[in-house]
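Enquirer: What would the 3D arrangement of this be:
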Amino acid sequence: MNVEVIESKPDEIAVSIKEGDIATLYIIQHELLKDKNTDFAGIINKHPLTNEIWMRVNSKSNPLGQIISATDSAIKTSNSLKQIITSKLK
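Expert: Below you'll find the model as predicted:
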């Protein structure tokens, strides 16, 4: 996965993600939208043939920090789900 910042302002950030999975980004978007400081979090497939995804986040505070926090939260949630599933399959 290759992530590149396209545009960065104090209240907005736009990033390009190449060779990524949009489903993972939907989980991060969900975590971002739970944060009351997030005004907008959007994800689009730039073009189906290029495998490039764009994400834009507008917030009242540090948008890059919010993406990092949302990603950490998504990882914790995924790990909890993995533990539950693994314990039920034993």
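
Enquirer: switch to C-alpha atoms for all contacts and neighbour counts from now on
Expert: Noted.

Enquirer: Tell me which helix or strand V57 sits in.
Expert: Per DSSP states H and E: V57 is located in strand 52-59.

Enquirer: Quick check: mean pLDDT of that strand?
Expert: Per-residue pLDDT values over strand 52-59 give a mean of 96.

Enquirer: what's that strand in contact with?
Expert: Here strand 52-59 makes contact (CA atoms under 8 Å, 6 or more residues apart in numbering) with 11-20, 22, 37-47, 63.

Enquirer: from the residues you listed, which would you call buried?
Expert: The neighbour count (16 or more other CA atoms under 10 Å) marks 12-18, 22, 38-39, 41-43, 63 as buried among those.

Enquirer: what about the helices in the protein?
Expert: For the chain, applying DSSP state H gives helices covering 22-34, 63-89.

Enquirer: Minimum distance to I6: which of those has it?
Expert: Closest of those to I6 is helix 63-89, at 12.3 Å (criterion: CA to CA).

Enquirer: buried residues in the closest one?
Expert: 63-64, 66-67, 69-71, 73-74.

Enquirer: Equivalent analysis for stretch 29-38, please.
Expert: So, applying 16+ other CA under 10 Å, buried residues of stretch 29-38: 29, 31-33, 38.

Enquirer: Centre-most residue in the protein?
Expert: Centroid-nearest residue in the chain: I28, 3.2 Å away (criterion: CA atoms, centre = their mean).

Enquirer: Spit out the contact partners of that one.
Expert: Counting by CA under 8 Å, 6+ apart, I28 makes contact with 67, 70-71, 74.
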